[in-house]
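[1] using only what follows, build the 3D model:
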Amino acid sequence: ISTICEDSREHRSFVLKYRKQLSNLLLSNLSSILSNVIEVKKSLKLFLRIGELSIKLMSETKNEKLAKQAATAIGKVTLKNWMRICEACPLSQEGSILQLIYYLIKVTSVFATFHEEAGPEVLSWWCDILQSTRIRLKVKHKALALLLTMEKVASMKEELPLKLKRCLIDFSSQHFPVKSLELKEGTLELNEYQSIFRIFLKVLEERASPVIFYLVLSVACREEEHVCETDIQDSIFKMMNKNSTDVLVKTLNVAWEIFDESSGEFSSNIKLATVSRFLLPALLSASSHLIIVFYKEKLERLLKVVGDILRGGEESKVKTLTSKCGSFLLFGALYSKMDQAQVHSKGSELTTLAADVLRISNLFPQGKGDGKEMSSFLVKSITESRKETFQEGCSEDFKNLFRTFHCSIQNCMISVISCIQNIEKLYNHFIFKDGSIWATIIDTEKEIKFEMEQEQLKTRRRQLVTIRQNAQDSTMPATNYIQSHYLSDSSLSQDIGHYDFTSSLNEGLSDTAITARVNEQLSSVACHFLELEGDELGSHPCMAQFVAVVKHMESKQMYPVPTGSFSEADPPLWMKSILGVLQCDENHRNVKLFILKLILSCPEVFTPFSKTFLVPILTLIGSGSLTGSEVINYFVSDLLIMLLSWSTQTGVIPDGSEMEKMSAVRVLSFLMRNI
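    Numbers count the residues shown, from 1 in each chain. Next up, the predicted model:
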């Protein structure tokens with residue numbers, strides 16, 4: 001055996017000549033041979049060579065029974081003599097450690113029950129490598145190839161997951177930067193960091209490990225956008241499609257516990273990032289059964305948080321606002337995923353539970369017992385919350401949190417109405433009509449600038465939307481965007497608080513359709529994303545949601561759309577509401593820019609009604625108020641391209657009155673002065 005393991009030309013020829021005989025001899029007696037080598041000869045080098053040769057021969061033999069027997073033998077002997085192996089492979093010898101790592105990778109590939117029979121000492125050895133300050137990251141990177149196996153080992157005993165968690169946190173503290181953006185593009189350090197991070201994501205996909213979920217979450221939430229952000233989202237979706245409900249609920253509870261903790265261990269930013277970047281995408285790709293299980297446990301807490309009143313000083317309000325923001329986001333996900341019958345009808349588990357909580361807590365005493373209490377309570381709470389504002393002299397962080405709060409309630413309102421209603425005037429009333437909302441969700445103290453140089457512009461970004469997916473027509477056309485010239489890819493009077501949703505129509509599919517799960521395919525959740533330009537306006541937390549609801553109303557044919565005589569087209573109520581925002585001189589420049597960006601992001605929806613919007617947009621361009629400190633930027637260029645496109649498709653031009661002609665003249669004059 002010692003002879004055939006020698007790596008020389010003569011010995012390789014000998015092995016090739018008598019390969020079949022040697023294979024049978026070695027595999028048949030593998031247990032005794034390996035035991036003798038490690039126990040008597042105490043040669044780790046020979047032990048590893050024999051093991052690796054045996055595994056290679058197993059893959060070549062046609063005797064499946066013999067191969068299976070040998071695989072069991074090599075796994076059991078390895079585990080039985082683990083302490084001897086470790087003694088012969090001290091942490092000070094990186095070469096020996098690498099050999100043992102490669103050997104274990106091969107052993108675990110053939111011995112399927114390795115993790116079941118391995119003891120805590122195997123995990124301890126691996127953790128010692130990752131936690132050592134003397135071992136280079138390059139070696140640890142190789143050791144992480146065993147992460148899936150070690151996670152399985154840790155899951156076999158109650159106390160081991162905590163050991164694994166401490167190990168991985170120590171490893172990340174030693175080798176991960178505070179923010180991934182500290183690593184420069186194209187460097188070896190960034191490449192290695194991404195490679196290591198993707199190992200964690202791959203195991204997360206396969207196992208939905210709470211430990212690894214916590215690690216990925218804790219690292220990614222340190223910054224607004226992680227360098228592997230898209231990979232993280234994709235891995236979460238795959239994780240949700242590969243694992244059982246029981247396992248996933250435990251994993252999602254890790255994120256919930258971070259969001260719901262009250263000791264002050266986690267900051268407001270960490271909590272909100274946990275909900276928006278981990279809980280939300282996970283829930284949006286979950287089965288209806290998991291959604292019900294998850295929300296049944298959390299519904300009482302969520303409803304009470306929504307019903308909380310802002311009290312106390314700034315610190316107290318920060319805690320309440322953070323909890324409210326996350327809760328509204330989670331309700332948005334609920335209404336996005338569930339059938340109307342589950343959230344807005346009598347008899348479902350969720351509406352029954354919600355009605356009981358609201359009645360016992362006296363949060364919604366006007367409930368009628370019709371199963372619509374939860375929806376009515378949310379709409380009422382959101383409407384009342386729109387009046388909340390910060391006091392003068394508060395900190396900038398507090399102002400930003402208030403803005404985040406108003407964004408979350410606006411997005412939640414869109415989610416709720418999109419699920420339970422299909423009448424356009426109700427969409428206008430609850431989402432668009434209140435002109436005061438725009439100044440609360442848009443920062444009016446910051447000057448929005450549009451860069452001129454192409455390399456300074458951000459690429460397009462995927463953004464999550466929480467619009468009811470089976471109400472959001474599957475045949476909805478892909479969003480058509482006006483490509484930036486500089487980019488390379490480039491009325492109800494009824495009191496809202498007492499409104500009765502009795503007229504709601506059921507737009508949902510059956511529960512069978514909802515629970516149909518996809519296997520490792522992201523196409524099923526692609527409808528939860530909209531891709532928008534990653535500039536300051538396109539990446540606004542409400543922009544994607546507004547674009548989604550605009551396209552949702554169009555796809556559900558909630559209002560008549562003319563196919564001719566475009567100059568006489570009367571726009572729907574919601575368009576008149578946003579037109580009023582554009583035409584109001586009191587509205588801030590940033591608010592008008594947001595509305596224009598919304599129009600630019602779905603121009604085809606506005607095309608049949610271009611006659612209504614043509615002059616107001618020309619007036620804004622001609623006034624020069626959109627350019628800020630720049631002259632002609634890509635935003636103005638995009639608007640002009642859009643207007644020309646509208647004229648080409650509808651034949652509408654600004655020549656119907658003197659005012660229309662003057663608006664066109666002013667734009668032409670503006671361009672001639674500034675180009």
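[2] burial count for the residue nearest to Leu46 when sequence neighbours are not counted?
    Distance criterion CB to CB, 6 or more residues apart in numbering; nearest residue to Leu46, sequence neighbours excluded, is Val37 at 5.2 Å. All C-beta spots, glycine's among them, are computed from the backbone N, C-alpha and C. Residues lying near Val37 (other CB atoms under 10 Å) number 24.
[3] so Val37 sits right up against Leu48, yeah?
    No: counting by CB atoms under 8 Å, Val37 does not reach Leu48; the two are 9.5 Å apart.
[4] gap between Phe278 and Ser285?
    In this view, Phe278 and Ser285 are 12 Å apart by CB to CB, to the nearest Å.
[5] ok, these two, which is more surrounded?
    Neighbours per residue (other CB under 10 Å) separate Phe278 from Ser285, with Phe278 holding more: 25 against 22.
[6] and the more buried one, what pLDDT?
    On the pLDDT scale, Phe278 is placed at 97.
[7] dump the residue contacts of it.
    Applying CB atoms under 8 Å, 6 or more residues apart in numbering, we find Phe278 in contact with 213, 217, 221, 236, 255.
[8] could you report the separation of Glu536 from Leu280?
    Per CB to CB, Glu536 is found 22 Å from Leu280.
[9] of these two, who's got more company?
    It is Leu280, of Glu536 and Leu280, that has more neighbours when counted by other CB under 10 Å, with 23 against 18.
[10] ok, now which ones touch the nearest residue to that one once chain neighbours are set aside?
    Spatial nearest neighbour of Leu280, excluding adjacent residues (CB to CB, 6+ apart): Ala333 at 5.4 Å. Contact partners of Ala333, counting by CB under 8 Å, 6+ apart, are 279-280, 283-284, 415, 466.
[11] cool, Leu596 as well?
    Applying CB under 8 Å, 6+ apart to Leu596 gives the contacts 582, 617, 620, 626, 635, 639.
[12] out of these, which is most surrounded?
    Phe635 (27 neighbours).
[13] okay but that residue is in contact with Phe594, surely?
    No: judged on CB under 8 Å, Phe635 makes no contact with Phe594 at a distance of 11.6 Å.
[14] return the distance of the strand or helix carrying Leu598 from the chain's centre.
    Here Leu598, judged by DSSP states H and E, is contained in helix 589-601. Distance of helix 589-601 from the chain centroid (CA atoms, centre = their mean, to the nearest Å) equals 25 Å.
[15] before we move on, what about stretch 201-211?
    For stretch 201-211, the gap between its own C-alpha mean and the chain's C-alpha mean amounts to 15 Å (CA atoms, centre = their mean).
[16] what about the helices in the stretch 101-250 of the chain?
    Applying DSSP state H, counting those that start in this stretch to the stretch 101-250 of the chain gives helices spanning 114-117, 120-131, 137-143, 147-154, 160-175, 188-207, 210-220, 229-242, 245-260.
[17] now the ones you listed as TSV including mean neighbour count, distance to Arg403 and mean pLDDT?
    Below are the helices of the stretch 101-250 of the chain laid out as TSV (neighbours: other CB atoms under 10 Å; distance: least, CB to CB, whole Å; pLDDT from 0 to 100):
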stretch	mean neighbour count	distance to Arg403	mean pLDDT
helix 114-117	17	48	94
helix 120-131	19	41	96
helix 137-143	16	40	97
helix 147-154	22	40	97
helix 160-175	17	31	97
helix 188-207	17	31	97
helix 210-220	22	23	97
helix 229-242	21	22	95
helix 245-260	19	19	97
